[in-house]
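S.K.: Build the 3D model from these lines:
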Amino acid sequence: MKKLNLLITILYFLFSICCLFAGNIDVMSDGSKYSYGENTGWCGWKTTYSEITVSTGYLSGYLWQENVGWVCLGSTPTNGVSYTNTSETDYGINRNQATGVLSGYGWSENAGWLNFNPTHGGVTISTSGIFGSTGTWILGGWAWGENIGWVCFSSSNYRVRTSALPSPPVPGASALGYSSIKWMWSDNSSGWSQENGFRVYTSTGGLIAATSADVIDYTETGLNRNKPYSRYVQPYNVAWSSSASNSTTVSWRTKPGTYQEKTVVRTPPNSFGFVGDGLWEWEVAAKSGQLVTITAYIRYNSSYGAAGKPKLTLYNLGVNSNATMSASADTWEQLQVSGTPNRNGVLKLKIEGFSTIPGAKMFVDDISISQ
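M.R.: Just a heads-up that it's a prediction; the model follows:
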């Protein structure tokens, strides 16, 4: 008898360890953790000893039915992606993240198989995390048990809910130098949609970096001078790994951030175009004691935002003269800087912008130098 009791204790302990994992049902603790069957009674998706985990491609863990006992929804698929549901060692509930539809089978020793995608029924997880009917996002959602009949997942009185799809971030970027860009974004997810972190991808989908929750920037190094780069930022949690609907793309250049612009020009055929925080310097040969006057027409676009307006600066050889734009967006404005060098040499003419908003641009045309 003592050996039997010990064996039971060990089995109970192992079961408890297997079930005491960090699931993601009812993450806001408002009671969204019950389904109901007329023959099985209440089904607890989050209990003292177990909690279902909704992953991107499948479900895992045990739920508790008051009249039936434990129902296993799967552990980990053999291939790590989805259950085949063709053997007793690789069964469970699969999830199509794109459509939200669940499929596959749960197993109860007392009740047999529980089908999550039966004829005339079905269960879907919406982007808000609610388990419901296929074709509707709020009420319903029906699984079928061969020995227990229908199990409903949501009504006006109860529901099952997991983490929601995180909200898309608002992006930004800043060229820190000739070989690095800081990618920035806002964190718009909380509550049901709280993210576990953010992932930064190349324009072709290659993963560059993954951050932890609430981190809102990543600095990428080893880039090429004055080259354009596009990245997209995506929040994720256990239930939602990738979705085009919550991704945000931003494009930027390393410094100096300039290119040849052929559309926004003052005098054809082209002007100098810059990203919003572009910085470019020209060298101007100068003679000692002779006044140098430089004018340039500058313009910024409507996406530039409320950041400091573009600025023109002439410096070196004892000269320090600058002028900042005052005109509104999409308007050419002539700026002038001047100074008398204290020795022969090279003056530096600098144009710089201060906006890190995606789409921000500034333009320079018709630079005139007199001495």
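
S.K.: Helices along the protein, start to end?
M.R.: 2-19 (DSSP state H).

S.K.: didn't Ser75 look like it was pressed against Leu59?
M.R.: No: judged on CB atoms under 8 Å, Ser75 makes no contact with Leu59 at a distance of 10.3 Å. (Glycine included, C-beta is placed from N, CA and C.)

S.K.: Alpha carbons only: can I get stretch 337-346 in CSV?
M.R.: The C-alpha coordinates for stretch 337-346 follow below in CSV (Å, rounded to 0.1, in the frame of the first residue of the first chain):
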residue,chain,number,x,y,z
VAL,A,337,25.4,82.4,-44.9
SER,A,338,28.6,84.4,-45.1
GLY,A,339,31.9,85.1,-43.4
THR,A,340,35.5,86.3,-43.9
PRO,A,341,38.2,83.6,-43.4
ASN,A,342,41.2,84.5,-41.3
ARG,A,343,43.5,82.4,-43.4
ASN,A,344,43.7,80.6,-46.7
GLY,A,345,42.1,77.2,-46.7
VAL,A,346,38.8,75.3,-47.0
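
S.K.: For it, buried residues please.
M.R.: Val337, Gly339, Pro341 (16 or more other CB atoms under 10 Å).

S.K.: Ser87: neighbour count?
M.R.: 9 (other CB atoms under 10 Å).

S.K.: check contacts around it.
M.R.: If a contact means CB atoms under 8 Å, 6 or more residues apart in numbering, then Ser87 has no contacts.

S.K.: coming back round to it: hey, what's in contact with both of Ser75 and Leu59?
M.R.: With CB under 8 Å, 6+ apart as the test, Ser75 and Leu59 both reach Gly92.

S.K.: More neighbours: those two, which one.
M.R.: Using other CB under 10 Å, the more surrounded residue of Ser75 and Leu59 is Leu59, with 26 against 16.

S.K.: Without its sequence neighbours, what residue ends up closest to the more buried one?
M.R.: Ile93 (4.1 Å; CB to CB, 6 or more residues apart in numbering).

S.K.: Show the pLDDT at the one you found.
M.R.: At Ile93, the model reports a pLDDT of 97.

S.K.: Check whether it really touches Val101, as I assumed.
M.R.: No: Ile93 lies out of contact with Val101 (CB under 8 Å); the separation is 10.8 Å.

S.K.: Comparing the two, which shows the higher neighbour count?
M.R.: Ile93 (27 against 17).

S.K.: Please report how far the more buried one lies from Asp187.
M.R.: 31 Å (CB to CB, to the nearest Å).

S.K.: cool, and Ile351?
M.R.: 33 Å.

S.K.: Specify which residue of these two has the higher count of neighbours.
M.R.: Between Ile351 and Asp187, Ile351 has the larger neighbour count (other CB under 10 Å), namely 24 against 17.

S.K.: The more buried one and Asn322 touch, don't they?
M.R.: No: judged on CB under 8 Å, Ile351 makes no contact with Asn322 at a distance of 10.6 Å.

S.K.: Touching both of these two, which residues are there?
M.R.: Lys311, Leu312, Thr313.

S.K.: Out of these, who's the most crowded?
M.R.: Leu312 (23 neighbours).

S.K.: Which residue is the nearest non-sequential neighbour of that residue?
M.R.: Leu312 sits nearest to Leu335 (CB to CB, 6+ apart), 4.5 Å away.

S.K.: And for Gly132?
M.R.: Nearest to Gly132 is Gly141, by CB to CB, 6+ apart, at 4.6 Å.

S.K.: domain parsing for this protein?
M.R.: Here the domain parsing of the chain from automatic domain parsing is 2-154, 171-253, 258-370.
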